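Chemist: got a sequence here, can you model it:
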Amino acid sequence: MIDSLKFAAEGQSVTGCIALSKMPRLADVLSNHAGSLNCALSGFEERRFGTIKQGLHLRISGRLTLHCQRCLAEVVHECAVDSHLLLIPPGEEWPEEEVEADDYDALPADRELSVLALVEEEVLLALPIVPRHADCQLPVDADSGVGNESRSPFAALAGLKKH
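Modeler: Predicted structure coming up:
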């Protein structure tokens with residue numbers, strides 16, 4: 001846990017590895033929970049439009065093993081997150097022009113911000129919507145050796161048909 005505004009104001013930083021097994025929401029979408037992610041979180045302050053803005057810079061890298069949505073085998077996804085998060089103190093309005101410019105994502109400032117939860121959320125947001133291999137085949141029916149795309153659900157009825 002960190003005090004996000006204090007962390008940013010003091011320009012603190014923290015780095016380390018987080019085991020994939022420590023992130024239960026992420027574990028739900030992984031096919032293999034072994035491994036870890038390398039993470040670096042640093043705070044910053046900058047003067048923008050005559051005011052001091054505080055934020056966090058989060059970098060995450062590592063390999064995730066997901067299920068290919070086409071062939072259902074494992075597919076390795078190279079996770080690379082580089083997020084700039086603008087801290088919004090309680091009671092302050094969210095700056096639409098800065099968030100719309102895609103320079104920053106907004107994050108409510110918190111005195112007890114869980115770094116683990118922040119990392120997990122950013123990784124989940126960076127996952128592909130439909131993970132799949134660049135080039136793979138549809139699953140094969142073990143009984144017939146035929147891919148599911150060419151087998152009609154009515155193929156069994158053809159054998160019952162009398163001429």
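Chemist: where does pLDDT dip in the chain?
Modeler: Residue ranges of the chain with pLDDT under 70: 48-49, 97-102, 137-153, 159, 162-163.
Chemist: let's go with 80 and repeat that
Modeler: For the chain, applying pLDDT under 80 flags the ranges 48-51, 93-103, 136-163.
Chemist: do a quick rundown of the helices in it.
Modeler: 4-9, 24-27, 96-100, 115-126, 155-158 (DSSP state H).
Chemist: what's the closest of the ones you listed to residue 15?
Modeler: Closest to residue 15 of the helices of the chain, according to Cβ to Cβ: helix 115-126, at 10.8 Å. Placement of C-beta: from N, CA and C, glycine included.
Chemist: how far off helix 115-126 does the lengthiest strand in the chain point, in degrees?
Modeler: Longest among the strand segments of the chain by residue count, using DSSP state E, is strand 51-67. Put simply, strand 51-67 runs at 70 degrees to helix 115-126, going by axes from the mean of the first three to the mean of the last three Cα atoms, to 10 degrees.
Chemist: so in that sheet, which strands flank strand 51-67, and in what orientation?
Modeler: Looking at strand 51-67 with DSSP bridges, its partner strands are strand 30-32 (antiparallel), strand 36-48 (antiparallel), strand 74-88 (antiparallel).
Chemist: in that strand, which residues are buried?
Modeler: 53, 54, 55, 56, 57, 58, 60, 62, 64, 65, 66, 67 (16 or more other Cβ atoms under 10 Å).
Chemist: among those, which pair sits farthest apart?
Modeler: 53 and 67 (40.0 Å).
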